[in-house]
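predicted model and sequence follow; I will ask about them next.
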There are 2 protein chains.
Amino acid sequence: MSNPELTLLPSERLAEFSRRVFEHFGIPADDAALASEVLAASDIRGIDSHGVARLHAYFEMLTAGRINPCPQLTILRESPSTATVDGDNGLGLVVGPKANEIAMSKAEDAGTGWVSVSNTNHYGIAGYYVLKALEKDLIGWSMTNTTKLVAPLWGTERKLGTNPIAIAFPGKEEPPIVIDMASCSAAYGKIEIALRKGAEIPRGWAIDGQGQDTLDPGEMIEEGALLPLGSDRERGGHKGYGLAIMVDVLSCVLSGANWGPFAPPFALRQEIPDKQVGKGIGHFFGAMRIDAFIDPDEFKSQIDAYRREMQSSHPSPGTDGPLIPGDPELEAEKIRSKEGIPLLPAVVEDLRDISKHTGVPFD
Amino acid sequence: MSNPELTLLPSERLAEFSRRVFEHFGIPADDAALASEVLAASDIRGIDSHGVARLHAYFEMLTAGRINPCPQLTILRESPSTATVDGDNGLGLVVGPKANEIAMSKAEDAGTGWVSVSNTNHYGIAGYYVLKALEKDLIGWSMTNTTKLVAPLWGTERKLGTNPIAIAFPGKEEPPIVIDMASCSAAYGKIEIALRKGAEIPRGWAIDGQGQDTLDPGEMIEEGALLPLGSDRERGGHKGYGLAIMVDVLSCVLSGANWGPFAPPFALRQEIPDKQVGKGIGHFFGAMRIDAFIDPDEFKSQIDAYRREMQSSHPSPGTDGPLIPGDPELEAEKIRSKEGIPLLPAVVEDLRDISKHTGVPFD
């Protein structure tokens, strides 16, 4: 936190600000609290790209009337272990947690619950939803499609989102294993950072508009695309492409949302696709009751042993050895809950702009 | 098929041979037919590593009494949408299909079915199981752990299997999308091929015994490890590592099987781990009724559109454009069902050896 450019603010204060901003747009109090909780979960876990840094984009979409502040969720179809939900074009930060609740409640009776959601918008970090499942001793799954940024392997155009997958497993005495990963090689945010620094990007992250590998972040941003996880055919890029399809189909084709390049944009400045093949974007949630498979205590003890076994590895040169998925975020949480959330000047400026337009006090 | 070293044999004849070999060991007729069907599915789809090329390894394990020829599957725990199955140390080629049936039958009533399996052995190609689900208009999932070969990112030792994930989505007029992928960067078979050719392997496939990147296939085989999908931290190697953990936990920790480095070996020549943390290896199967989410006809039409959209991409230089997962295997099936299965001399020799020991005629 030695960067003098960063402003440190307590997470609670930021959550309070975003809650009041959401309420300003007529979002019901409970929903506004829920949405700000999702954003705060991102900030406290160190995923700066998905927290209050995005509030301005939500603010713009709400101002433009592009998001419904008072969505009524409808269950379009259901079975003992499944439901398809229409999110009524609400904030993903509200629709997502409610659909996740449906999955968890299905699991209570049927052992597992699986919910595919259409007509929704960006839902924050995928990891938030699986952490909620952990609170109820459930193995949670969470996926969503996103605005197109990624090329299918051997294609030159953006046709897929960064389509993340999250899943979490509780430990007994140790922290949970929390997997939360996009299905592309590198995050778009890293390309933007390289551009600002005037730095090259590593090979395997991106292609230019002609489908050639590029190390120039500007070429990717202008008319190129991100590469799927695995980067090229030789190193398994077809696998990352397959994962992106899996997330897309479960989230969108199964729910009736816009898949692939037809996903509506997250932010106002992004272009709206000419064609629609469904409603809004899509999410997919799962919840599995551990005791529907095995004694939960036994399961958690083994997860502790699993963690220790991976950590017992001899470290590769120049590293401290394998990390456990979710631990870096937990570490960030420990620091940030004490020291506050570090905000870049541009983010502070955005929040002040929201304050000016909504009258919700920021400073 | 111009390689004069290859012997071409009809798939049916190979399936008949393996069926009779399995029966030779006292495997009941239905089970022997099932097991040979799984092997044949691999050969016909062009995945040579998992078909009759592996029969000798099964033969050795059965000869040594390491696999139970007459397993009685037990459901250890269940709920409307879940079951945990003990495979009684049977062939994975028998236990897998039966556990997959349980998942599919659960889906009929509960909308989805999810089965975690312990005390089992190598189950062939993950894709076989999701193709069976497609026959019933179900979205199938299939995962398994395997003998250790892969290092966790930033570790130097083999602690994880190549842990594959398969999932398939049916089309209406077009073939299905069939995703079947290991969670490591490259298959072990490719390392062996490079060694035989005296060729280097690409960067990002493997590390040596000290955890250093290596281009020498011998170094990987001797005491190195494969790298997870994504290869290194910069290109998302932590994501492939996360996927491998996901597969391992769902297949093994949830069922009570041996996870991570404790997975018992697939073949007789491989070392048995000192310690056991469960029974056998583990699988995980899922089946989702499409009509529990959406009109199946609508779903399939969209899958057709999805395929066409990806195929409409402008091709990257030097390629014919994006492939659809499952299409290369379908192409192999078309060719091989006419021309036969090409067998390497070493495989033919193995099959003759089995014939000699079992009395089942091969030539």
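Right, received. Where do you want to start? Numbers count the residues shown, from 1 in each chain, chains lettered A, B, ... in the order given.

quick one: the helices in chain A?
Secondary structure of chain A (DSSP state H): helices at A:11-24, A:29-44, A:55-63, A:92-110, A:126-135, A:188-197, A:217-223, A:237-248, A:296-311, A:327-339, A:345-358.

what residues sit buried inside the longest one?
Applying a neighbour-count criterion of 16 or more other Cβ atoms under 10 Å in any protein chain shown, one finds A:92-104, A:106-107, A:110 buried in helix A:92-110. (Glycine included, C-beta is placed from N, CA and C.)

the closest residue to A:Gly96 other than its chain neighbours: how many residues sit nearby?
Nearest non-adjacent residue to A:Gly96, counting by Cβ to Cβ, 6 or more residues apart in numbering or on different chains: A:Tyr123, 3.6 Å away. A:Tyr123 has 30 neighbouring residues, counting by other Cβ atoms under 10 Å in any protein chain shown.

tell me the contacts of A:Tyr123?
A:Val38, A:Gly92, A:Leu93, A:Val95, A:Gly96, A:Tyr129, A:Thr144, A:His283 (Cβ atoms under 8 Å, 6 or more residues apart in numbering or on different chains).

nearest to chain B, of these?
Taking Cβ to the nearest Cβ as the measure, chain B sits nearest to A:His283 out of these, at 12.8 Å.

partner residues bridging that closest one?
For A:His283, the beta-bridge partners are A:Val117, A:Thr144 (DSSP bridges).

that one touches A:Val94, doesn't it?
No. With contact defined as Cβ atoms under 8 Å, A:His283 does not count as touching A:Val94 (11.9 Å).

what's the closest non-adjacent residue to A:Val115?
Per Cβ to Cβ, 6+ apart, closest to A:Val115 is A:Ala103, 4.3 Å.

I figured that neighbour was touching A:Met288, is that so?
No. Using Cβ under 8 Å, A:Ala103 is not in contact with A:Met288; the gap is 9.5 Å.

joint contacts of these two?
A:Gly140.

quick one: neighbours of the nearest residue to A:Gly189 once chain neighbours are set aside, just the number.
Nearest residue to A:Gly189, sequence neighbours excluded (Cβ to Cβ, 6+ apart): A:Ser49, at 4.7 Å. Using other Cβ under 10 Å, A:Ser49 is surrounded by 13 other residues.

contacts only, for A:Ser49.
A:Ser42, A:Ala187, A:Gly189.

ok, 10 Å please
A:Ser42, A:Ile125, A:Ala187, A:Tyr188, A:Gly189, A:Lys190, A:Glu192 (Cβ atoms under 10 Å, 6 or more residues apart in numbering or on different chains).

measure it to B:His122 for me?
Distance, A:Ser49 to B:His122, by Cβ to Cβ, to the nearest Å: 41 Å.

repeat for A:Ala64
56 Å.

try A:Ser355
61 Å.

try A:Ala110
31 Å.

check A:Met181 too.
27 Å.

same question, A:Ile245
Taken as Cβ to Cβ, the span from A:Ile245 to B:His122 is 27 Å.

between these two, which has more neighbouring residues?
Set A:Ile245 next to B:His122 and count neighbours by other Cβ under 10 Å: A:Ile245 wins out with 27 against 24.

before we move on, back to that, and the residue nearest to A:Gly189, how far from chain B?
A:Ser49 sits 16 Å away from chain B, going by Cβ to the nearest Cβ, to the nearest Å.

and for A:His283 and A:Val94, which residues touch both?
The contact lists of A:His283 and A:Val94 share A:Gly87, A:Thr120, A:Asn121, A:Tyr123, where a contact means Cβ under 10 Å, 6+ apart.

in stretch A:287-304, what's buried?
A:287-294, A:299-304.

what's across from A:Ile139 in the sheet?
A:Met288.

next, count neighbours for it.
For A:Ile139, using other Cβ under 10 Å, the count is 25.

cool, A:Trp141 as well?
27.

which residues touch it?
So A:Trp141 contacts A:100, A:103, A:112-115, A:126, A:129-130, A:133, A:165-168, A:179, A:250, A:284-288, B:246 (Cβ under 10 Å, 6+ apart).

again, only using 7 Å
A:Val130, A:Ile167, A:Phe285, A:Gly286 (Cβ atoms under 7 Å, 6 or more residues apart in numbering or on different chains).

same thing with A:Lys239?
Counted by Cβ under 7 Å, 6+ apart, A:Lys239 has contacts A:Leu229, A:Gly230, B:Met181, B:Leu229.
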